[in-house]
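J.: starting from these lines, generate the structure:
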Amino acid sequence: MNKLGLAALGCYAIHAGFHVLSGRPEEALWMCHLGAALVGIGLLSSSTTTNGIGTLFLCIGTPLWVMYLAGGGEFYPTSCFPHLGGLAIGLYGVRRLGLPSGTWWKAVLALVVLILVSRLVTPPPANVNVAFAIYPGWEKYFPSHLVYLGAMIAQAALYFFAFEYALRRWLAPKPQQEGMA
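T.: Numbering: from 1, shown residues only. Below is the predicted model of the structure:
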């Protein structure tokens, strides 16, 4: 698992490095990008929870990235590393190591902390992890940014819960049964 952990960290480092070198270091803090780093840390430390949180981040972040691209968002080739590579490695880690029950709510807490950190250390125009403003086009549905954030966090919680259930049911290793007579 160490090689895969290093590969996941490499997926994050390649894309984060691209953003740093392009003068946009704040972009390295998006949930999905950090998901690949968490997968790497989880696999290197044999932490099923850390790998699980990173994988859950990517289970949400990768479809959002695809929708962003489908809506005309800018494509960076390096973004394939965390979104596709990090997700594949994280799912493999879940298959090999498992996914502890309750990882979903820990992912919610990690997301809330990440939004707060994004608000503290990133510039408002970047709106990393929607820490500052309602995503463009959604303003008419939400009376304030706080209501929007609450709705997005609640929705993320539901998705994390559903993905945890699905991954534990279909991907996580099954307990071995004692020999049958």
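
J.: every contact and neighbour count from this point should use C-alpha atoms.
T.: Noted.

J.: so which strand or helix has the spatially most central residue of the chain?
T.: Centroid check for the chain by CA atoms, centre = their mean gives residue 57 as the closest residue, at 2.1 Å. Residue 57 belongs to helix 48-70 when elements are defined using DSSP states H and E.

J.: need the next SSE after that helix, C-terminal direction.
T.: With DSSP H and E, the next secondary element past helix 48-70 is helix 80.

J.: and after that next one, which helix or strand comes next?
T.: helix 87-97.

J.: buried sites along that following helix?
T.: Residues of helix 87-97 classed as buried: 87-95, 97 (neighbour count, 16 or more other CA atoms under 10 Å).

J.: what of stretch 66-86?
T.: 78-83, 85-86.

J.: return the member of the residues you listed nearest to residue 53.
T.: residue 86 (12.1 Å; CA to CA).

J.: burial check on the nearest residue to the closest one once chain neighbours are set aside, number of neighbours?
T.: Leaving aside its chain neighbours, residue 86 sits nearest to residue 36 (4.5 Å; criterion: CA to CA, 6 or more residues apart in numbering). By other CA atoms under 10 Å, 35 other residues sit near residue 36.

J.: so who does residue 36 touch?
T.: With contacts defined as CA atoms under 8 Å, 6 or more residues apart in numbering, residue 36 is in contact with 8-9, 11-12, 54-55, 58, 82-83, 85-87, 90.

J.: could you redo the last one with a cut-off of 6 Å?
T.: Residue 36 is in contact with 8, 12, 82, 86, counting by CA atoms under 6 Å, 6 or more residues apart in numbering.

J.: now it: which helix or strand?
T.: Residue 36 belongs to helix 31-44, assigned by DSSP H and E.

J.: what angle sits between that helix and helix 87-97?
T.: Helix 31-44 and helix 87-97 are oriented at 40 degrees to each other (axes from the mean of the first three to the mean of the last three CA atoms, to 10 degrees).

J.: got the CA coordinates for helix 31-44 in CSV?
T.: As requested, the backbone C-alpha atoms of helix 31-44 are provided in CSV (Å, rounded to 0.1, in the frame of the first residue of the first chain):
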residue,chain,number,x,y,z
MET,A,31,-11.9,19.4,-1.6
CYS,A,32,-11.4,17.0,-4.5
HIS,A,33,-7.7,17.9,-4.9
LEU,A,34,-7.1,17.3,-1.2
GLY,A,35,-9.0,14.1,-1.4
ALA,A,36,-6.1,12.6,-3.4
ALA,A,37,-3.7,13.8,-0.7
LEU,A,38,-5.9,12.3,2.1
VAL,A,39,-6.0,9.0,0.2
GLY,A,40,-2.2,9.0,0.0
ILE,A,41,-1.8,9.8,3.7
GLY,A,42,-4.4,7.2,4.6
LEU,A,43,-2.6,4.5,2.7
LEU,A,44,0.8,5.4,3.9
